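>>> How does the following fold in three dimensions:
(2 chains)
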Amino acid sequence: MKQLLFGFLVVMSSVLGACSSPQQKSASPIRIRWERDPENLDPLILPNENALEAANLLYSSLLFVDPSKQQFTPCLAEALPSVQLKDSLTLLTYRIRREAVWDNGKPVLAQDVAFTLKVMNCPGLPIESNQSQWGFIKDIQLDAQDPRRFTLICAGRSPEYKWSSGDYIILPEYPLDPQGQLRPFSLASLRADTAGDRHTPAIKAFVTRYKQAQLDHHPERLPGCGPYVLEAWEPGRYLTFKRKPTWWADALRSEFLPLQAYPQKLDYQIIPDVATAVLALRRGDIDVYPMMPAREFQHLRQDSTNQPALSFYTADSYKMITACFNTKQAIVRDKLTRQALSLLFDVPALIEATQLGMAYPSAGLISPKLGPLYNDSLPLPAYNPTAATALLRQAGWQRQPSGGWSRRSTDGQVQKLALTLSYRTTDPAFETIALQLRTAGSKLGIPVQPQPLESSVFWDRLRSGTVDMYLFTITGNPFVYNFAPILHTQSIGSGNYTGFGTAASDQLIEAIAAEEQPRRQAQLLRRLQRILHEEKPLTVLFFLRSRLAASSRLTNLQVSGLRPGYSATAIQTKSAPVQ
Amino acid sequence: MRRPETRRLWQRWLAILWLMALVAAGTSATMLPLPAPDAPDLRAITQPPLTPSHWLGTDLAGRDILAGLIFGARTTLLTSVPAALSAALLGTFLGSMAGYWGNSRLRVPAVVTGWLVILGAGASCISLPTPELVWWLGLAVLGGLALWLATRNKYAATWPVPVDKLVLLLIAFLTAIPRLILVLALAAVQEPSQLALLIVLTLTYWPVTAQIARATMQRIRHLSYIEAAYTLGLPNWRIIIGHALPSIWNSIKVTLPLGVAALIGIETTLSFLGVGLPPQTASWGRILATARLDPTAWWLIVFPSTCIVFTMLALRQITFSSQQE
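Numbering: from 1, shown residues only, chains lettered A, B, ... in the order given. Now for the predicted structure:
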């Protein structure tokens, strides 16, 4: 009888196993390649794109970009905010969804949003980056009748406030401030008292608690209301995120991608070396390889043996490679010299050589794909040594019998035209660009010294302003046109490493951010592109095409030009054919 | 069947011919009608050999491989050979000093030692924070006082300098850390340049020669002709330079080609890892490194590997031939 029962159980388990749905198969982790470790998951810091992607798995925002619709959609918020203009202020009223709850079952309330904004402005914490992005939110008013409703009071007017006012992760109040010690403080008072953590006991105690939590490597101590929890993190090797058994958004059955999360497990493998990552993809050790270098992408795509196992996706991205000048350095302080040096980049050849044609040139920081916003009356960058020589002469440089160039500066000192070109060692394309400029420069008698630097050294040099020229990657988006962090004089040293900025350019940047009329904003953007084209604090060499290779068993990757180039939470596995 | 002697002769001549070709290529690199090794031909990237104007093909940045190999030979000649020679000189100097003087034969007046202690302490104090500065200054004063008291004693008027111990300590320190890791650490903290790489290679490779020189000096120091020279009252420097060094040099020169081969290996490894030399300097290791990005470009592996292997084999062959002679 026992044998019969055992046999019956074996047969039943086999039948059940064979009939299990493809959903169970999708329980196997989706393995994604990351080039580098996120390094720090403190919600106030998030130093790189990978940290940002990880934070979006752990936490939710009021609004989030839906890559399939290429627009902001409500996530924690019920809908986009209602906008009310009052004098010089913009009032944005949100209401949080009824379904949104924290892991302990308590609802996400307006009080949590107020807490998040206070943390983002709390003295004694690393708030600089948040303040530069969301410093326009001056205050928050909670609705006395409805604990889910609140109004953000923003300084000035801008159409982008509608989206950017909800584009930050919401933190829970209960783990860090269970007694509500920050509640009595207003946003304005926290911002005004920059030494509050030293003389106000409540703030001091909160800052101590926040730091003691060591959120940089222990995000589990501040559980968010995102769909995943961090299961394992081996720095420099991997991060594993596990889907919460029940996530509040499951009940919504929403069509919006930010409210969907399919993979049961997301396994991010950190593989810095490109060749190793490609090998891992071919062996099936990873499933998704985002932003793959052009050469590897082309090789894999052309190799017919990969065709059944791998799928290939491309999309026009908003990521661009730029050559920037440190305008504080004497030899590139004048715009004519910068214009001359910009003419030495052979952009079409560089696109072919480094991106195998999978990139497109642009006259400025706006992607040519954005239609009326792009100033198409400006010429595309072109290689023209003759014009460069003429511009150098106009700038006062004189060719010496030795072959080099020199000029006398206003203080009577002799300047020699020789510069270093710094770049990070991570991307081989940078080396090719540097060598091309060096060759073009040497033909004109301009010594250019390529200076490959390790990432942290590169950043140190940028901050200290000890570079002449540098190659840099800038990632934009089609929603917000705020160039203040990289081009405003107030950002010099903290994001504006070119040191560029005039009263006119500052005014224009502020006007673009504040303009409500799309047509007028387009005009201002075109004007800014012309100013940048003439002043040349930087030259956009080309916009990249996003390239992604993934296992063919995966579907719904939502590949787009928006970073990180795909939507990890949307990925599903294809149904296995029924045997 | 060819006799072993004839085969060895052939091997030796082949090695000499290869090394002569290498020297010829390195010295005449700038005169040959070649494109600059760091000038990318962006319209001919990753081209296979026998492409018009690129006989041995190009790398991923469009750099000519033939130019890279010939200028890479020049880099090898200007980096590894001088580094091996300077490491041999430094190692011979320190090793023979350690072997000759030992721990007690070199005696210096205590006053000089006292001043050296005080100066050394003072120099190290410059960069110290205040609490440690006080400690060091106190130690220096006490040391000076002790030495002053000691000099009052006739027998302690001179103090022995433990040259052997000091050199052995330095050798132990340098050999305790794997050489590649040490070179990598030193090369990574400074700006890449050929001179800096030469200095780093010299400073990390001298212990090999120093150990041989020390052992040889310890052996010959007790030989009768050195003892006789000492008894005759010849100055120490004359004994070392005139009588001991010729014997030591016979041992050193045999290992010199092996040192060059080892340093070529380290230099190419560093270039492969992207440290040490600036990106515009051609190097065999750098060409090999580009193959990582495109493993299908076999010419990026075959040509530089052939150069490295043939050069190392040739140097080894020369070493073995000299030993057999």
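>>> Run through the strands of the stretch 1-150 of chain A in chain order.
Secondary structure of the stretch 1-150 of chain A (DSSP state E, counting those that start in this stretch): strands located at A:30-34, A:63-66, A:71-74, A:82-86, A:89-95, A:137-142, A:149-155.
>>> Throw those into JSON lines and include mean neighbour count, mean pLDDT and distance to chain B, thanks.
Placement of C-beta: from N, CA and C, glycine included. Listed next are the strands of the stretch 1-150 of chain A as JSON lines, based on neighbours: other C-beta atoms under 10 Å in any protein chain shown; pLDDT from 0 to 100; distance: least, C-beta to the nearest C-beta, whole Å:
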{"stretch": "strand A:30-34", "mean neighbour count": "23", "mean pLDDT": "97", "distance to chain B": "16"}
{"stretch": "strand A:63-66", "mean neighbour count": "24", "mean pLDDT": "92", "distance to chain B": "33"}
{"stretch": "strand A:71-74", "mean neighbour count": "20", "mean pLDDT": "92", "distance to chain B": "38"}
{"stretch": "strand A:82-86", "mean neighbour count": "12", "mean pLDDT": "92", "distance to chain B": "50"}
{"stretch": "strand A:89-95", "mean neighbour count": "19", "mean pLDDT": "95", "distance to chain B": "48"}
{"stretch": "strand A:137-142", "mean neighbour count": "18", "mean pLDDT": "94", "distance to chain B": "44"}
{"stretch": "strand A:149-155", "mean neighbour count": "20", "mean pLDDT": "95", "distance to chain B": "46"}
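>>> and residue A:101, which of those is closest to it?
Evaluated with C-beta to C-beta, the strands of the stretch 1-150 of chain A place strand A:89-95 nearest to residue A:101, the distance being 15.3 Å.
>>> ok now do residue A:378, which residues does it touch?
Contact analysis of residue A:378 by C-beta atoms under 8 Å, 6 or more residues apart in numbering or on different chains lists A:363, A:364, A:529, A:530, A:533.
>>> got the contact list for the third one?
Contacts for residue A:529 (C-beta under 8 Å, 6+ apart) come out as A:363, A:364, A:365, A:366, A:374, A:375, A:378.
>>> same deal with the second one?
Shown here is residue A:364, whose contacts under the criterion C-beta under 8 Å, 6+ apart are A:374, A:375, A:378, A:528, A:529, A:532, A:533, A:540.
>>> switch to 6 Å and redo it
The neighbourhood of residue A:364, defined by C-beta atoms under 6 Å, 6 or more residues apart in numbering or on different chains, consists of A:529, A:532, A:540.
>>> Does residue A:361 touch residue A:380 like I think?
Yes - checked against C-beta atoms under 6 Å, the pair residue A:361 and residue A:380 is within contact range at 4.8 Å.
>>> Among these two, which residue is more densely surrounded?
When neighbours are counted by other C-beta atoms under 10 Å in any protein chain shown, residue A:361 comes out ahead of the other of residue A:361 and residue A:380, with 17 against 14.
>>> need the contact list for that one.
So, once contact is read as C-beta under 6 Å, 6+ apart, residue A:361 ends up touching A:347, A:380, A:542.
>>> how about stretch A:203-217: buried residues?
Residues of stretch A:203-217 classed as buried: A:203, A:206, A:207, A:210, A:213, A:215, A:216 (neighbour count, 16 or more other C-beta atoms under 10 Å in any protein chain shown).
>>> Stretch A:34-53 now?
Counting neighbours by 16+ other C-beta under 10 Å, stretch A:34-53 gives A:34-35, A:37-46, A:48-51, A:53 as buried.
>>> So which of those belong to helices?
With helices taken from DSSP state H, the overlap with those comprises A:49, A:50, A:51, A:53.
>>> could you dump stretch B:48-63 to PDB, C-alpha only?
Coordinates of each C-alpha in stretch B:48-63 appear next as PDB, following Å, rounded to 0.1, in the frame of the first residue of the first chain:
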ATOM      1  CA  PRO B  48      43.400  42.300 -41.500                       C
ATOM      2  CA  PRO B  49      47.000  42.000 -42.800                       C
ATOM      3  CA  LEU B  50      47.800  42.700 -46.400                       C
ATOM      4  CA  THR B  51      45.400  45.600 -46.500                       C
ATOM      5  CA  PRO B  52      46.700  48.400 -48.800                       C
ATOM      6  CA  SER B  53      48.900  50.800 -46.800                       C
ATOM      7  CA  HIS B  54      48.600  48.500 -43.700                       C
ATOM      8  CA  TRP B  55      50.700  45.400 -44.300                       C
ATOM      9  CA  LEU B  56      50.100  43.800 -41.000                       C
ATOM     10  CA  GLY B  57      46.600  45.300 -40.500                       C
ATOM     11  CA  THR B  58      45.300  47.800 -38.000                       C
ATOM     12  CA  ASP B  59      43.800  47.700 -34.500                       C
ATOM     13  CA  LEU B  60      40.400  48.800 -33.200                       C
ATOM     14  CA  ALA B  61      41.400  52.500 -33.300                       C
ATOM     15  CA  GLY B  62      42.900  52.200 -36.800                       C
ATOM     16  CA  ARG B  63      46.500  52.200 -35.700                       C
END
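>>> Give the burial count for residue A:413, as a bare number.
A count of neighbours around residue A:413, defined by other C-beta under 10 Å, yields 9.
>>> Which of the helices and strands in chain A ranks last by mean pLDDT?
helix A:22-25 (a mean of 38; mean pLDDT, DSSP states H and E).
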